[in-house]
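Visitor: Task: produce atomic coordinates for the following.
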Amino acid sequence: MKIVIGGVAVKIQNHFKKEHTIIKKWAWLFILLVAFGGLWLPQLGLLLLPMMLTLMVMGLLKGKYWCGHFCPHGSLFDYLIPPVSFNRKMPQFFKSPIVQGAAFGGFMYMLGMRLAAAFQSFGSASFAAQLGAVFVMNYLVVTILGTLLAVFIKPRTWCTVCPMGTMQVLMYKLGRVLNANKKTDRKITMHSADKCVACGKCAKVCPMQLSPYDNMSENNTFENGHCIRCEECVEACPTKALLIKK
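Guide: I've put the predicted structure just below:
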């Protein structure tokens, strides 16, 4: 009976993993719809509002899980860009909290200014189009900047300074303070430390250029807030010392 239950649990887990992979593989189509389709139909930019709300809630509960599984730009960087990327090492300053904070502050300031201008037409027939255009232009700029960084440096370079990524990090910290993500968060864990041979493969495959094997906490979990839970390191570990769990 236990074997059957265990088999069902594994089957369900694999089913969800397959669905996530399909979403991750094709999520980049959303960029075409909003960033480019929005140039002709600005109201499409309003689709970003529920997306932003979703990633904030997910950030509160699961950290940067959205980035590793559902983000349209992440899909672009993981599936379309690698063949043409120079794949250079990311400069360390991209990981600087000062740089990340400046990118977040600058983005929010510009977004706030544009939203304030759009709300001047509140109540008019053109309000939805003007509000949507704000998000379309921001999404288009992010797409252009992110793609340039992905091609000339490394696919996920933009993800280190992405304002929405920073938002998720902040929401995750809030979730820890409120104890809201204790049961929902899943982290990279070294379940068997004696199996780790310090080969560094987990660091080599990490799209965020993180190094799980030599940055584990005392309870053998990877606590870096910028981990996107993509599980690339888990798949690459030759000794199967890593897994992702609550």
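
Visitor: hey, let's count contacts and neighbours off CA atoms from now on
Guide: OK.

Visitor: residues in contact with residue 150?
Guide: Residue 150 sits next to 77, 81, 85, 87, 156-158 when contact means C-alpha atoms under 8 Å, 6 or more residues apart in numbering.

Visitor: buried subset of the residues you listed?
Guide: Buried subset of the contacts of residue 150 (neighbour count, 16 or more other C-alpha atoms under 10 Å): 77, 81, 85, 87, 156-158.

Visitor: Throw these into a markdown table and include secondary structure, distance to residue 179 and pLDDT, thanks.
Guide: Output for those, formatted as a markdown table (DSSP: H, G, I helix; E, B strand; the rest coil; distance: C-alpha to C-alpha, whole Å; pLDDT from 0 to 100):
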| residue | secondary structure | distance to residue 179 | pLDDT |
| --- | --- | --- | --- |
| 77 | helix | 32 | 97 |
| 81 | coil | 37 | 96 |
| 85 | coil | 40 | 97 |
| 87 | coil | 38 | 95 |
| 156 | coil | 30 | 97 |
| 157 | coil | 31 | 97 |
| 158 | helix | 30 | 98 |
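
Visitor: which among these gets closest to residue 207?
Guide: residue 156 (5.9 Å; C-alpha to C-alpha).

Visitor: doesn't residue 77 make contact with that closest one?
Guide: Yes. Between residue 156 and residue 77 there is a contact under C-alpha atoms under 8 Å: 6.0 Å.

Visitor: coming back round to it: with distance to residue 28 as new columns, can the buried ones among the contacts of residue 150 be given to me in a markdown table?
Guide: Output for these, formatted as a markdown table (distance: C-alpha to C-alpha, whole Å):
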| residue | distance to residue 28 |
| --- | --- |
| 77 | 9 |
| 81 | 11 |
| 85 | 17 |
| 87 | 20 |
| 156 | 14 |
| 157 | 17 |
| 158 | 15 |
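
Visitor: and this structure, what are its domains?
Guide: 28-175, 186-245 (automatic domain parsing).

Visitor: In this structure, where is pLDDT below threshold?
Guide: 1-20 (pLDDT under 70).

Visitor: What ranges does it have for its strands?
Guide: 187-190, 242-245 (DSSP state E).

Visitor: just those: most buried one?
Guide: Most buried of those by mean neighbour count (mean count of other C-alpha atoms under 10 Å) is strand 187-190; its value is a mean of 23.

Visitor: For it, which helices and strands make contact with it?
Guide: strand 242-245 (3 or more C-alpha pairs under 8 Å, 6 or more residues apart in numbering; DSSP states H and E).

Visitor: That'll do, ta.
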